[in-house]
Structure formats: C-alpha cells, structure tokens
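In: Output the structure for:
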Amino acid sequence: MEKVRRAMISFAITGALIYVSVVGGLAVLQRDLLFRPSGLPASPAAAAVPEMRPVAVRTADALEIVGWYAPPPTAGRPVVVLYHGNAGHLGMRAFKARAFLDAGFGVWLAGYRGYGGNPGSPSEEGLYADARAALDHLAAGGISGERVVLYGESLGTGVAVQMATERPVGAVVLEAPYTTIPDVAAGIYPFAPVHFLARDRFDSISKIARIGAPLLVLHGERDRVVPIDLGRRLFEAAVSPKRGVFLPQPGHNDLYDWGALEHILGFLTGTQGTLRQ
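Out: Residues are numbered from 1 along each chain as shown. Below is the predicted model:
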C-alpha cells in the first residue's frame, strides 16, 4: 500500500513538473509563437505592384521601418493602410494591394519591426509605434485622416483598432478579427493560464466601441485560427455605423476566394462621403 502511495505521489510530482515546464516554455517563447516573420519580401515590381515604392518611416523609438506605398492615382482619393497578420512579409499581401490599386485607391502596406528586414523585435507596443509612424508620414504628405482606410488582417486588426481609437479616420476594415490575443491563445492552449501570462494582449474588445468611423467586419465560418465567435463578439461590441459580413465557406486565409473584396469595395463605395474623395 505504501508503495502505491509513493508511486502516486511520484506520478503527481512528475506531472506537475511537466505542466510547469510546458507552461513556462509557452511563457518564455510566447512572442516567437505570436510573431512569425519570414524572409525578405520580393521587390514591389516582382510582387506585381510596380507602382509601389519602399518607404522608410522613423518611429518614436528611433527605428527606420520600411513599408510599401503608392499614392492615390487621382488627387483626393483615399489611401488604404493595410496592417498584415502575424506571419510572412509585405510581398505576401501584394495581391490585396493590387486589388485596391486597380480600384483607384492609394495603398500603404505597413511594415513591422522585425519583419521583412526591418530592425527591432516585434511587440504590441512596437507595432503600434510602427503604425503611428506610417500614419504620421501620410499626414505630412497631405493625406488627412478622413481619407485613410485602416485595414487590419488577423493580428493586424488589433493594430487597426488601436490606431482608429487614437486618430480620426475615414473607415475601418477588419478581416478575421479577434477580441483579445489571450482569447485566441486560450483556444489553442486550453490547459495554460494564457490570460495571466500574455505580454501582448491587443485588447480590441475593450476599445472597439470608441471607434466612430464606419466599420466593416469580415470573418469566415470555417476559420480554425481565429474562431468566428470572437469576430462576432467584437462586432457586437462595436457601435454604428457598422456592417458585419460572416461568410459560410472561408477559413482564415481564403476570404478573397469567396467574395471578400467585393464586400470591401461595396462598403468603401458606401462611405464615400466620410472618406472625402
């Protein structure tokens, strides 16, 4: 009986040590899991957006962050500022830039620190600093906030929401958004106290009601990365004017294969007055 008791205690201690090690590893590596940059992007020309040019902006913490920019082809037209998701590089979003350029918009593909050859290491506050620097550059070039469309994709929706609470803009588009990063992580690591451990929270749910610009939320029912329930909760917490498009077919990365662009362009056409074209 004593041997059984000792074996059970040993098993419990071993299990506890394994749990602590796994959770500790998640805590230490959380930024490596959240931010997944890949190599240098191709040039704009190689990415089929030859009218775009790399532009470096200086952040408040003195980093030079490169994004890609093409001004509006017609004076007074809006600029779509796209904050991409957690993985890859700017060249992987060139097809979205191409679509908006063809529709007559200016486009800024916003660079992040630690991505695509940019200096620094990504963090929530760091990405906000990068986003502010890009908007400051546009403002200095005569692009008023009312002519800016903030477009967030996945992780970038948290950046777009933060910027929209800080500055007046013409419209906001959120593709596959979430409530908070800990809410997303809880679905992936249900055994870990992620709400306690998370360093980068991107707490959009607490900010979304402060956005006064027209808002479009798009999400796919089959999204296995950011569950659609999180997108619905964020949309419900937002104030009008707002539009929600919840498509039954797409997952996380294929919304454009199922008509997302048409919904976005239709939404932006309906906000022409706000965007001061």
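In: Quick one: classify the most centrally placed residue in the chain as helix, strand or coil.
Out: The centroid of the chain falls nearest to Gly156 when counting by Cα atoms, centre = their mean (0.9 Å). Using DSSP: H, G, I helix; E, B strand; the rest coil, the structure places Gly156 in helix.
In: Roughly how far does it sit from Ala56?
Out: 20 Å (Cβ to Cβ, to the nearest Å). The C-beta positions use only the backbone N, C-alpha and C, and glycine is treated the same way.
In: Now Leu197: closest residue in space that isn't a chain neighbour?
Out: Sequence neighbours aside, Ala27 is the residue nearest to Leu197 in space, at 4.8 Å (criterion: Cβ to Cβ, 6 or more residues apart in numbering).
In: measure the one you found to Phe35 for me?
Out: Taken as Cβ to Cβ, the span from Ala27 to Phe35 is 15 Å.
In: And the helices in the stretch 1-150 of the chain, which stretches?
Out: Secondary structure of the stretch 1-150 of the chain (DSSP state H, counting those that start in this stretch): helices at 2-34, 94-102, 124-140.
In: could you check the distance from the residue nearest to the centre of the chain over to Val81?
Out: 10 Å.
In: anything in contact with each of these two?
Out: Contact criterion Cβ atoms under 8 Å, 6 or more residues apart in numbering; residues shared by Gly156 and Val81: Ala110.
In: follow-up on the earlier one: right, and the residue nearest to the centre of the chain touches Gly85 too?
Out: Yes: contact criterion Cβ atoms under 8 Å: Gly156 and Gly85 qualify, at 5.8 Å.
In: coming back round to it: of Ala27 and Phe35, which one has the most company?
Out: Neighbours were counted for Ala27 and for Phe35 using other Cβ atoms under 10 Å; Phe35 has more, 21 against 15.
In: if you skip the residues just before and after it, what's nearest to that one?
Out: Per Cβ to Cβ, 6+ apart, closest to Phe35 is Pro122, 4.1 Å.
In: Quick check: Ile205 touching Phe235?
Out: No: with contact defined as Cβ under 8 Å, Ile205 and Phe235 do not form a contacting pair (10.5 Å).
In: quick one: low-confidence ranges for the chain?
Out: 1-26, 29, 272-277 (pLDDT under 70).
In: one more time with 90, if that's ok
Out: 1-33, 38-42, 74-76, 144, 188-198, 269-277 (pLDDT under 90).
In: Domains in it, by residue range?
Out: Taking automatic domain parsing as the domain assignment, the ranges for the chain are 1-33, 41-272.
In: Just name the most buried of those.
Out: Comparing the domains of the chain by mean neighbour count (mean count of other Cβ atoms under 10 Å), domain 41-272 ranks first with a mean of 19.
In: What segments of this structure are strands?
Out: Listed in chain order, the strands found in the chain under DSSP state E are 36-37, 53-58, 64-70, 79-83, 87-88, 106-109, 148-153, 171-175, 215-220, 242-247.
In: on contacts alone, who are the packing partners of the fifth one?
Out: Taking 3 or more Cβ pairs under 8 Å, 6 or more residues apart in numbering; DSSP states H and E as the contact definition, the neighbouring helices and strands of strand 87-88 are strand 36-37.
In: What strands line up against the strand it packs on, and which way round?
Out: When sheet partners are counted by DSSP bridges, strand 36-37 sits next to strand 87-88 (parallel).
In: ok now the partner strand, how far from the chain's centre?
Out: 11 Å (Cα atoms, centre = their mean, to the nearest Å).
In: neighbouring contacts of that strand?
Out: 36-38.
In: For the closest residue to Leu174 other than its chain neighbours, give its distance to Ala139.
Out: Leaving aside its sequence neighbours, Leu174 sits nearest to Thr157 (Cβ to Cβ, 6+ apart; 4.4 Å). Separation of Thr157 from Ala139 (Cβ to Cβ): 22 Å.
In: what does Leu265 give?
Out: Counting by Cβ to Cβ, the gap from Leu265 to Ala139 is 25 Å.
In: Thanks a lot, catch you later.
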